[in-house]
Every structure is written in C-alpha cells, then in structure tokens.
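Participant: When you get a sec, could you give me coordinates for this:
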Amino acid sequence: MNNLGTILLASSLAILIFSLIQTAYGIYAKDRKATELGRLTLMTNPAVIILTFLVLLTQLVRSDYSNYYVVMHSSEHLPLFYKMTAIWSGSSGSLLFWNLILNIFTFTVLWQTRKSIQDRIPVMNLILAVLSGFFSFLAVFYADAQPFREFSPEAAAGRGLNPLLQHWAMIIHPPILYIGYVSISIPFAIAMSALVSGQLSEDWMKFIRKWTLFSWFFLGTGILLGSKWAYEELGWGGYWAWDPVENASLMPWLLTSAFVHSVVIQERRGMLKFWNMILVILAFHFSLLGTWITRSGVLEGPHSFSKSTIGTPFICYIIASFVFFIGFVIYRRKDLVPERNLEAITSKEGSFLLNNFLLVLSTAAILLGVFSPLLYGKEFKAPWFNSWGVPAGIFLLLLMGSAPLLAWRKGAGSVFLATLLKPFLAGILGAGLYILFYSQNFTRGDSEYGDLLSEVYSVLTVGIGIFTIAGIFQEYYRGIKARKEQNPEESYPLSAFNLLIKNKRRYGGYLVHFSLVLIFIGYAGNAFKQNTSVKFYYQLSPPTSPEVVYTSIDKSVISGYQIEASTLKIKPVMVSDNDDKPNIQNVIVSQEGTFSIYRGTNKEADLVTERRFYPQISHLTGDFETHIPTSEPAILSLPKEDFYIQLGAIEKADMSSENPDLPLLFMNYYFTGASQNEKLALYLQFPKEIVANLEIWINPLVKLIWIGSLLYFLTGIFLLLPIGERKSKKKELAS
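Facilitator: Numbers count the residues shown, from 1 in each chain. Have a look, this model is predicted:
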C-alpha cells in the first residue's frame, strides 16, 4: 500500500502542475477554454487526496508496520479511535491532513464560483493550485513530509501514540484547529485574485466575510479546546502557558479577528481598503508560519515535532509569497484609496481602527516573544507576555464593550448620555461588588494576596466586562422595544427571538462578545490563584491482589480545605479494551492516589489523581525500552473556584538513596515470579515507607472560561448556519 500512496501523491502533483499550466496560459492568452480546463483539473485533485488519505488511514487501522509513519505513531494495542487520530499526530500525516482539508475547501469555493466568468476567478484558481501544489511537492520530494516511507524490514512493533495525545480533546482539537488554519486560504485567495486582476469592485466583500468568519470560528474553537486539554491533561494547574505552538495559533486568530471587524468598515464606509488587503495577507501567512513553527523543529513545545527537513522550503515559500503579494498591494495602492476619511477617533469606525491597531500590535509582540530564543538567546516566559498582554487584553475588552454603543462618524461625547452612561455606571457598580465578593468568598492562603497590580487588573477586567454586558443588554432591550412597536402582537420572548434571527449578524455578534466577556472574567480569577505542595507519608500494606497498595492517615489543611490521604495504589491499566492478554506492550503502570477533601466538617469529594507510565516499545525488537510518564489530575469544580490536585514525585521516606523506580519494580512484580514465594520476594523489594508529593492549585472563576467557551462555540455555529438569512437575489460573485 505504500507504493499506492506514493503513486497517488505523485499523481496529485502532476494534476496540479497541469492545472497551473492551463490556468496560467488561459489568463495570459485570455483563453476561457484553457482556464476552464485548469479549473476542472483542479477540482479532480481532491478525489486523489481523499484516496491518499484513506490509504494511510487503512494502514494505521491495520497496524501496517511496513509503513514508517505507522511504526512511529501507532501500535496494534491502541483503541481504534486513537489509531485513526494518529493520522494527525506526526508531521507527514498532519501535512497530508492539511492538504486534504485544503483540497476540500478548494473544491467548495470552485463549485461556488462555477458560474462566474469574471477575470479574477481564474487568478483565484491559480493561487489555490500553487498552494496545493506546494504541499504535494513537499510530500513527494521531502522525507519528513512523506507519509508512505517504507520501513524495511518490517518493524517488530509500533512505538505507539504519544501518551499526551491520548485524550478526548485531542481527537477533535487538531482537526478543528487545522480547519481554522487552512480555511484562511480561501478568503486570502479571493482577496488576492481581486488584487492581482485589478477587479476591485465591492461585490466580493460579503463572500469573503463568510469565509473569514468560518476561519475565525474554527481557530477560536480549536484554541479553547486546546486550553481545556492542557488544563485536564498536563497536570500543571493552568490552561495557557504562552507556549510557542499555542502562540502560533493565537496570532492568526488575532489577525482574523481584526479583519472580520475592519471588513465591516469597508462595507459600511468604504474605508480601510488598503489596510484590509494587508490584514488578509498577514492572516494567511501567519497561519502558514504557525505550521512552520510546529513542524520545522526550530522552536520547542509540547505540541511541536522534531527537527525536520521541510523547515527550509516552507519558510522560503512563506517569505516569497508574502513579498509577492505585499508588492502587489503597493502596486495597486492608488486603487485602494478610501472613499471617506476618519472623522472622529471615538466614533464607531475609530474604535474599530483602534481595535485593529491593538490586535496587530499584540500579534507583533507575540511574534517577538515566540522567536526570542533565536533573537536574544533566551526564551521569553509567561511573565513577559503577561506584562503587556494583560493590559492589552483589558483595553481590547473596553473597545469590544464600547464599539457597539458608539455612533458612525460622531465622537463618543455626542452619544455618551444616550448609550454609554448606564453601562458605565453598571461597570463601576459591578467592580465595587466584585471587590466585596472576592474579599469575602475567594479562598485565602496563609499570606495575603501577593500582587496588588494583578488584583487591580482583575477588578478592571470584571468592571469593564460588566460594562460590556450591560451595553449588550441595553442594545437588546432597545431592539426588542423597537420591534414590539412595529409588531405589537408579538410577546417579548418572541420579539427577542425574531430580533436575533432576522438580525443575526449584529445581535449574534453581541452574543459572541458576551461569550468572550465570560472568558475574560474567568481569566481575571487567575490573579487570586494559589499553588502549594504537600508531602504525605505512606506505608506498604500486605499483598492481597495484583496491585501494590500503600496506606496513609496523614492530613493537611490548605486555605480552608482539609485534605486526607488514604491509599496510593500501583496497578496495571490496559492500553486498550481488547481481550488481549496483559504484556509489556499493552500495560500502563498507574500510580493512583485517593484523597478526601473537606471544607469545615463537610466532605466535598473523594478525588483520585494519577501518574501514568506508558511503555515505550522498541520498534526494532518489540522489547520494553522505558516508561513515558503523564499526569492525570483530579479537579473538584465548585461554582466560585476549582480545587485541583496532581500526584507528583514519589520518594523514599528516609531520603537515604535515589528515588525508587516504582513502575519498573511493578513491571518485574507483575510479569515475573512463577510461585507465591517468588511473588512475595518481589513484593518485598518495594520500599516499606514512601513520601508522595501532592501539588495543589486553587483556581477561582475558572468555570466561567468553560461556560464562555461553550457559548462561543454555540454562537459561532448559529452565525455560520444559514438560519434566518434571506436569500439574496443577487449572486455574491455574479458574472
């Protein structure tokens, strides 16, 4: 099957080269038959890539160890859905998946524009063919992008899927994020086709806005899912670490957010034409840059791949493409002059422009931080990002709350009493109530809150968030009231529903803002986050089962919580639910600690936290090599805060020697020893007393982040679905 996959990739490259030649000739010679042949050829390529994708998927499901990618990223003991999702766990597989999504979107936009005969459509086809051709070129000529490299002779076993990726969120997080990354290519191709061809009429704006909104939604959803995965899987008590690969996805989302807003200004006021071209070029190339950061191996992170040969051609393509299209923007600058000038900086369009400026400036700062190891010889950590990111985020929140309340062309002073005063007062009142709330309800540590500036930022965030929410409710109230005057027979709930359905672009946008406010307020609780470490002593219990059991009666009091240790078990966990007999390849060693959590005399919960040790198997011999540890935290989620615990390192109680390798001791105990006496001798090799470290975090308001994330997802789906939209008689790309 490796040969079949390789032939399909080579066929894809040949198809794309033919499409490129035909389309380019058709544009040059103004031969519509040639451009149509190029378009139809390009539309056949998705079928080839889909078939290629299915070949690799089949090899993963069948555990075909003649394939290098399968050997390195799967194993026969993985559950079926992890075998399938392994297709995007490695560099070459994820690039094939990227190519698949790109071709599906290419087919979609070519179908949407099939009846258009404008001069810019062939240019769009040419741009998409070049992009698809680049990914097929990598897959044919560069080993690290080839998903069908042979492993000869056939491997003895698969190395398995990275344990960190064996989590429910990782099944859907990468595809959603990739869809966001790749779909930016479509608005970019549409905009650049208008730019290159000189056909800069405004009829393309609505079409490009829908595709951009699609990209923005999927990128944001992917980022939020990644935060959920980090919180539940990495065991460090947080959800965002300013990791280079996290930043790689955040940067195009910020730029896409700026473009979504500034397109409104171009539609309404005929402004920012030049700027919008720059924004869409930046958004597209930053999506490619994020892919390069992940796959080049230049920067390290928990999501990134190892050093790769595709880094050089990838960055060369990004630079060449960026310079080419920026050059065209400069060349067409006289055709991109605004129809109107900005009349007031505190007008609606002025607030949008400030929003754009801040988003782009934030992207530039993140880019500087991402490449700090290369530029400065040291990595900028989270405190550096937070030092400017938190105030920038607060200012963005203020702009998000004030922009809907401002008027076109007029300054804020002219509408302050009418639209801004009540939300402003609500924000001040909300900030005051928040101070009272956290001083009385947030769990305090043994010392006072350490960072006064963080506390001030938290209060500002909540105050501005409530200002924004009050403004949203005010706008809804005014809209419902106006609709009731026109339709007095409607009830208030029905008026609210119809208002949202028939004006989904405006009022659905308010719901998106509401979801982001909830997320921001959840972030504000991070100012009062607490972290501590506790040691519990355990004693070995007599053997009664295949598990090794330690018990403890230790207790500890942390910030109003009482934690009681009970058992710490070392036990086997099967990699999959198959009926396979336990062996060194399919058994995970779990260190499982159980703790009872009390507040006062009330028992809140029994929490179970683990450290799991996955077997790393030699693909050459099938023998055990080492263990890969992962964290499995336990979270008690309360309305105001999360109580988050993670079992840490285990030490000998007397500290007399190096820490015991308990997973290896357990493997010897579990898999060897033919008689009871031998089993008992192996059991007695375990330390009689151990000390377990327990890491504890108290995270206020974190639940609001997940509620806001869910609302963001639901609202985005609502905006993307054709619900309540009136079908336009005019086609968006009419000939």
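Participant: When you work out contacts or count neighbours from here on, use the C-alpha atoms and nothing else.
Facilitator: OK.
Participant: for the chain, which spans come out with low pLDDT?
Facilitator: Along the chain, the parts satisfying pLDDT under 70 run over 117-118, 202, 296-308, 444-450, 576-579, 656-657, 725-735.
Participant: In it, spot the strand with the most residues.
Facilitator: strand 602-617 (DSSP state E).
Participant: now for that one, which elements pack on it?
Facilitator: strand 587-599, strand 624-632, strand 634-637, strand 641-652 (3 or more CA pairs under 8 Å, 6 or more residues apart in numbering; DSSP states H and E).
Participant: And for the third one, what's in contact with it?
Facilitator: Among residues not part of strand 634-637, those counted as contacts by CA atoms under 8 Å, 6 or more residues apart in numbering are 605, 607-609, 642-646, 703.
Participant: who wins for proximity to Arg295 among the helices and strands packed on strand 602-617?
Facilitator: strand 624-632 (22.1 Å; CA to CA).
Participant: The closest one vs strand 641-652, what angle?
Facilitator: 150 degrees (axes from the mean of the first three to the mean of the last three CA atoms, to 10 degrees).
Participant: name the element the most centrally placed residue in the chain belongs to?
Facilitator: With distances taken as CA atoms, centre = their mean, Ile223 lies nearest the centre of the chain, 2.2 Å away. In the assignment (DSSP states H and E), Ile223 maps to helix 205-233.
Participant: can you pull the buried residues of that helix?
Facilitator: Across helix 205-233, burial judged by 16 or more other CA atoms under 10 Å covers 205, 208-209, 211-233.
Participant: just checking, what packs against that helix?
Facilitator: helix 168-183, helix 185-197, helix 244-269, strand 624-632, helix 702-720.
Participant: Mind doing that once more with 6 Å?
Facilitator: Counting contacts by 3 or more CA pairs under 6 Å, 6 or more residues apart in numbering; DSSP states H and E, helix 205-233 packs against helix 168-183.
Participant: Just list what the strand or helix carrying Thr23 packs against, helices and strands only.
Facilitator: Thr23 is part of helix 2-29, with elements assigned from DSSP H and E. Counting contacts by 3+ CA pairs under 6 Å, 6+ apart, helix 2-29 packs against helix 32-61, helix 120-141.
Participant: Take these and lay them out in JSON lines including mean neighbour count and distance to Lys410.
Facilitator: Shown next, in JSON lines, are the helices and strands packed on helix 2-29 (neighbours: other CA atoms under 10 Å; distance: least, CA to CA, whole Å):
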{"stretch": "helix 32-61", "mean neighbour count": "20", "distance to Lys410": "47"}
{"stretch": "helix 120-141", "mean neighbour count": "22", "distance to Lys410": "37"}
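Participant: Columns distance to Met667 on top of the ones you listed, output as CSV?
Facilitator: Below are these laid out as CSV (distance: least, CA to CA, whole Å):
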stretch, distance to Met667
helix 32-61, 28
helix 120-141, 41
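Participant: So for Pro663, which of the ones you listed sits nearest?
Facilitator: Per CA to CA, nearest to Pro663 of the helices and strands packed on helix 2-29: helix 32-61, 28.8 Å.
Participant: ok, then the element right after the closest one?
Facilitator: Immediately after helix 32-61, counting by DSSP H and E, sits helix 68-73.
Participant: The spatially closest residue to Lys679 that is not a sequence neighbour and Gln585, how far apart?
Facilitator: In space, Lys679 comes closest to Gly673 once its chain neighbours are excluded; the distance is 5.0 Å by CA to CA, 6 or more residues apart in numbering. Going from Gly673 to Gln585 by CA to CA, to the nearest Å gives 19 Å.
Participant: For Glu610, see how far away the nearest residue to Ala649 once chain neighbours are set aside is.
Facilitator: The spatial neighbour of Ala649 that comes closest, neighbours along the chain excluded (CA to CA, 6+ apart), is Asn693 at 5.7 Å. To Glu610, Asn693 is 12 Å away according to CA to CA.
Participant: more neighbours, these two?
Facilitator: The residue with more neighbours, out of Asn693 and Glu610, is Glu610; 24 against 17, by other CA atoms under 10 Å.
Participant: and the closest residue to that one other than its chain neighbours, what does it touch?
Facilitator: In space, and not counting its chain neighbours, Glu610 is closest to Glu592: 4.4 Å by CA to CA, 6+ apart. The neighbours of Glu592, taking CA atoms under 6 Å, 6 or more residues apart in numbering as the test, are 568-569, 609-610.
Participant: Check Ile617 too.
Facilitator: Contact analysis of Ile617 by CA under 6 Å, 6+ apart lists 159, 623-625.
Participant: Of those residues, just say which sits nearest to Ser559.
Facilitator: Nearest to Ser559 among these, with distances taken as CA to CA, is Glu625, at 42.4 Å.
Participant: part of a strand, is Glu379?
Facilitator: No - counting by DSSP: H, G, I helix; E, B strand; the rest coil, Glu379 is not found in a strand; it is coil.
Participant: how many other residues sit next to it?
Facilitator: Glu379 has 16 nearby residues by other CA under 10 Å.
Participant: If we ignore the residues flanking it in sequence, what's nearest it?
Facilitator: Per CA to CA, 6+ apart, closest to Glu379 is Pro373, 4.7 Å.
Participant: tell me which element the one you found falls in.
Facilitator: Applying DSSP H and E, one finds Pro373 within helix 372-375.
Participant: ok, back up a step: how far does the helix holding Ile223 sit from its chain's centre?
Facilitator: Centroid displacement of helix 205-233 relative to its chain, using CA atoms, centre = their mean, to the nearest Å, is 7 Å.
Participant: so it versus strand 641-652, what angle?
Facilitator: Using the same axes, to 10 degrees: helix 205-233 against strand 641-652 is 50 degrees.
Participant: Could you quantify the relative orientation of helix 205-233 and helix 168-183 as an angle?
Facilitator: 160 degrees.
Participant: Run the angle between helix 205-233 and helix 702-720 for me.
Facilitator: Using the same axes, to 10 degrees: helix 205-233 against helix 702-720 is 150 degrees.
Participant: one step back: for PyMOL, write a command that selects the buried ones of the contacts of strand 634-637.
Facilitator: In PyMOL, this line selects whichever of these come out buried by 16+ other CA under 10 Å:
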select buried, resi 607+608+609+642+643+644+645+646+703
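Participant: Return the closest of the contacts of strand 634-637 with respect to Gly522.
Facilitator: Nearest to Gly522 among those, with distances taken as CA to CA, is Lys703, at 6.9 Å.
Participant: any idea how far the closest one is from Ala169?
Facilitator: 17 Å.
Participant: sorry, back to before: quick one: residues in contact with the helix holding Pro373.
Facilitator: Residues contacting helix 372-375 (CA under 6 Å, 6+ apart): Glu379.
Participant: got it, and stretch 661-668?
Facilitator: Residues outside stretch 661-668 that contact it (CA under 6 Å, 6+ apart) are Val589.
Participant: Would you pull up how far that stretch lies from the middle of the chain?
Facilitator: Distance, centroid of stretch 661-668 to centroid of chain: 36 Å (CA atoms, centre = their mean).
Participant: Can you mark which positions in that stretch are buried?
Facilitator: 662-663, 666-667.
Participant: Restricting to C-alpha, output it in CSV.
Facilitator: Only the C-alpha atoms of stretch 661-668 are listed here, as CSV (Å, rounded to 0.1, in the frame of the first residue of the first chain):
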residue,chain,number,x,y,z
ASP,A,661,11.8,3.3,40.2
LEU,A,662,8.3,2.1,41.2
PRO,A,663,7.0,1.5,37.7
LEU,A,664,9.9,-0.8,36.8
LEU,A,665,9.6,-2.6,40.2
PHE,A,666,5.9,-3.1,39.5
MET,A,667,6.6,-4.5,36.0
ASN,A,668,9.0,-7.1,37.5
